[in-house]
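>>> just need the structure, nothing else, for what follows:
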Amino acid sequence: MEQVLKTHKVTKYFYEPEKFQVLKEIDLSVNRGEFLSLVGKSGCGKSTLMYVLSTMDTDYEGELEIAGERLTDRDQNQLAAFRNQHIGFVFQFHYLLPEFTVLQNVMIPALKLAKYSKREIEDRAYEKLKMLGIQEQALKQSSKLSGGQQQRVAIARALINDPDIIMGDEPTGNLDTYNTHLVFEIFQELTHKYHQTIIAVTHDDEFAKKSDRIVEMSDGRIVKH
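Sure thing, here's the model as predicted:
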C-alpha cells in the first residue's frame with residue numbers, strides 16, 4: 001500500500017496561559033485511498049493534530065511528510081502553494097462565497113492553482129458537481145441552496161484540484177441526519193471508487209464506525225489506530 005501521509009514523533013506545546021503539551025510524539029501513517037476518522041473527547045488534541053497535518057500549524061517538533069514530500073520547516077508561501085495543490089478542505093461550515101454562483105465557488109482553488117485554462121477549469125468544476133449530483137444547481141447563487149447542498153458544493157470545491165488528501169473538520173457537524181448520511185455516502189464513494197484519501201475529525205460515532213479506520217486520541221496521544 002502506498003503511504004500518502006506520514007508523521008514521526010510530532011509533538012506540540014501550547015504556551016498560554018502556561019506551558020502545556022498538547023501532542024505527544026504522534027506517529028501516524030495513512031494509506032492512499034483510505035477513509036480515516038480521527039476521534040476522541042474534546043481537548044484530546046485531535047483538532048490540533050489536524051491543523052498540523054494540514055500544514056496550517058507549523059509550530060511543532062517532529063516530522064510531517066505528504067505525498068512523498070517532507071513539509072517540516074518549509075515557509076508559509078511554499079506551504080500555501082502545497083496545500084492548494086495537494087489538500088482539499090471540508091469544514092463544519094461550508095465557507096462558500098454567498099454572492100458567487102455554485103460554479104464560481106468550485107472553480108476558485110483551480111483558478112488560483114492556474115494549472116488549466118479557465119474553460120478546462122469550468123469543465124472540471126461541472127464534472128465534480130455532476131459526481132456529487134448537484135450539477136443542475138451550478139448557475140445558482142450559493143446562498144440560495146439548502147445546507148446539505150452547500151456542503152456538497154464545498155466537497156466539489158475540495159476536489160477540484162484532485163488533491164492527495166481531503167481533510168474534514170467535523171464535516172457533518174452542522175447537518176441533519178439525512179444530509180449527514182448523504183455526505184458519508186459521498187465520502188465512501190470517493191474513497192472506494194476514486195481512491196481518494198480522506199481524514200476526518202468527527203464527534204459522530206456512527207460516522208466514525210462506518211469509515212475504513214478509526215484513530216482514537218486521548219490526552220495528546222494516539223491510543224487506538
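
>>> which of the three states applies to the most centrally placed residue in the chain?
Nearest to the mean C-alpha position of the chain, counting by Cα atoms, centre = their mean, stands residue 167 at 1.4 Å. Of the three states, residue 167 takes strand under DSSP: H, G, I helix; E, B strand; the rest coil.

>>> for the longest helix along the chain, output the C-alpha coordinates as CSV.
The longest helix of the chain (DSSP state H) is helix 177-194. In CSV, the C-alpha atoms belonging to helix 177-194 read as follows (Å, rounded to 0.1, in the frame of the first residue of the first chain):
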residue,chain,number,x,y,z
THR,A,177,-29.4,13.1,9.9
TYR,A,178,-30.4,12.8,6.2
ASN,A,179,-27.6,15.1,5.0
THR,A,180,-25.0,13.5,7.3
HIS,A,181,-25.8,10.2,5.8
LEU,A,182,-25.5,11.7,2.3
VAL,A,183,-22.1,13.2,3.0
PHE,A,184,-20.9,10.0,4.5
GLU,A,185,-22.0,8.1,1.3
ILE,A,186,-20.2,10.6,-0.8
PHE,A,187,-17.0,10.2,1.2
GLN,A,188,-17.3,6.4,1.0
GLU,A,189,-17.8,6.5,-2.8
LEU,A,190,-14.8,8.9,-3.2
THR,A,191,-12.5,6.5,-1.3
HIS,A,192,-13.8,3.2,-2.7
LYS,A,193,-14.5,4.2,-6.3
TYR,A,194,-12.0,7.1,-6.9
